[in-house]
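K.L.:
Output the structure for:
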Amino acid sequence: MEAPSHDELESLFVNNEDLDRIRAHLGRFNPIKTMGMERMEIRHSAILAWLLNPQETHRMGDKFLKAFLAEALRGRDSSSSPSALDVSQADMMDAEIRREWRHIDLLVLSPRNGWIFIIENKFDSGQHSNQLTTYMDVVTSTFSRTNSYHSIRGVFLTLWDEEPEDPRYAPIQYTSICELLEQHALSGRHPLSTEVETFLRHYLDVIQEATGMNQEQELLEKLARKLYRDHKRVLDFVVEHGKSTDFSMACDTIFREGLDYPDVMQPEGIDLELVFCHSDAQSISFLPKTWFDAFGQDDYYWHGCENWWAGFPMIMWLHLTSDGENGAGKVRLVAEVGPISDHAFRKSLIDSIRNAAKDQHLQNVGFQRGASDEGRRYSKFFKKNTVAVNDVHDQDAIITAIKKILIRFTPEINAVAEVLPQFISHGQSQISK
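P.N.:
Predicted coordinates for the structure are as follows:
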């Protein structure tokens, strides 16, 4: 590629407001990130232990503890004790939070209510064989000798959709942590000290980025795409001669280099056409072309989705995560219904996807309970959606994993495509907009 001219370099790098805004975002100080703790599961457990402890320095008492437990139990069998309603109305100021007791991430003991909660926290890692059952058995055998506790419930906290292997555990995702922090801690209803509020905003920023819920990040990604379109020649030169990751190079091999929205990709040997949306060092987002066509391509406008990915009600993406040990990791395929303004439309869309999967006996589609509740914004629905990679720096292994996961989910992608055309009436034609 021919080197860019002096004028082209000057246009991009000298007093460019868009570039300065992105630099400012990337240069923000966040102590959790500075210390390299944002992906460390044990650090998330430590922060959660602090938030859940009614006696801690956040001075929220038992409000966050009850909100978290009630959210996990919401929609579960109300005949089991305690129910979400029981927790929300209880006094849990006596709760004791134990960390790493018998290898359990978090153990919540409330003698006043006779309740014990086992919280297993999975940020990037997955559950081990019989792990949840073992913890339940240990707690049951230890505390059954006393008369203080009559109910033991499990809570399975994950970054991504993963059903607990033991049905006695209620699943909850980190997306709910984001919502609970905004609703109960940072809403202004419970005054916090400046130090506590600053720390919680840093922590919220970390988990919003991890879960894809960071609206500022989404706005800046949109700005970055504009910057790329305006300065494509310079940035292509920088990318070609700059640093690439093994994941991005694997994607270049599978999908081809130099993609821009809405280029169509069709990986060799895979019966899927995909419309490229965005890519970075560890992820690539797209819409199956059947979904893109069903949503009217770029001819329709979707209220509530303006600043979300490419502006459509749904999105898919692939990303690579590291397990943090021995260089191993996972390629994950994510499908998500986004922040649609019209709640009835969003609920109907989710219900239709559920029903299509049920009718076609597809086991790898399933929304978390409450996904279609009013106020929810992000609802992922692929299950068992990872392929292990022994070495996250092995491009061939990454390529194999990407192809394997796309082939595995082709039936689910096609089933979803069948229900989408009925929703075109909810979009606004760009012609009439």
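K.L.:
Can you name the residues that contact the residue nearest the centre of the chain?
P.N.:
Nearest to the geometric centre of the chain sits Thr211, at 2.7 Å (CA atoms, centre = their mean). Contact partners of Thr211, counting by CB atoms under 8 Å, 6 or more residues apart in numbering, are Leu159, Gln173, Tyr174, Thr175, Cys178, Tyr378. Where C-beta positions appear, they are placed from N, C-alpha and C, glycine not excepted.
K.L.:
Which pLDDT does the model give the first one?
P.N.:
In the predicted model, Leu159 carries a pLDDT score of 85.
K.L.:
What about it? Give its phi and psi, please.
P.N.:
phi -80, psi -40 (degrees, to the nearest 10).
K.L.:
you'd agree it is up against Tyr174?
P.N.:
Yes: assessed by CB atoms under 8 Å, Leu159 is found in contact with Tyr174 at 5.0 Å.
K.L.:
can you list residues touching both of these two?
P.N.:
Common neighbours of Leu159 and Tyr174 are listed as Phe123, Ala210, Thr211 (criterion: CB under 8 Å, 6+ apart).
K.L.:
These into JSON lines, with extra columns for secondary structure, pLDDT and distance to Phe409?
P.N.:
Below are the shared contacts of Leu159 and Tyr174 laid out as JSON lines (DSSP: H, G, I helix; E, B strand; the rest coil; pLDDT from 0 to 100; distance: CB to CB, whole Å):
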{"residue": "Phe123", "secondary structure": "coil", "pLDDT": "84", "distance to Phe409": "23"}
{"residue": "Ala210", "secondary structure": "helix", "pLDDT": "79", "distance to Phe409": "22"}
{"residue": "Thr211", "secondary structure": "helix", "pLDDT": "79", "distance to Phe409": "20"}
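K.L.:
Going by distance to Trp101, which of the residues you listed wins?
P.N.:
Trp101 lies nearest to Phe123 out of those, by CB to CB, at 19.2 Å.
K.L.:
show me what contacts the closest one?
P.N.:
Arg39, Met40, Glu41, His44, Thr158, Leu159, Tyr174, Ala210.
K.L.:
now do 10 Å
P.N.:
Neighbour list for Phe123: 38-45, 157-160, 174, 207, 210, 321, 324 [criterion: CB atoms under 10 Å, 6 or more residues apart in numbering].
K.L.:
Filter those residues down to the ones in helices?
P.N.:
Glu41, Ile42, Arg43, His44, Ser45, Tyr174, Ile207, Ala210 (DSSP state H).
K.L.:
Leaving out sequence neighbours, find the closest residue to the last one.
P.N.:
Spelled out, that is Ala210. Leu159 (6.1 Å; CB to CB, 6 or more residues apart in numbering).
K.L.:
can I assume Ile340 is in contact with Met314?
P.N.:
Yes: Ile340 lies in contact with Met314 (CB atoms under 10 Å); the separation is 9.3 Å.
K.L.:
Quick check: which element contains Ile152?
P.N.:
Using DSSP states H and E, Ile152 sits within strand 151-158.
K.L.:
re earlier: nearest to Asn390 among the shared contacts of Leu159 and Tyr174?
P.N.:
Phe123 (20.6 Å).
K.L.:
Sounds good, over and out.
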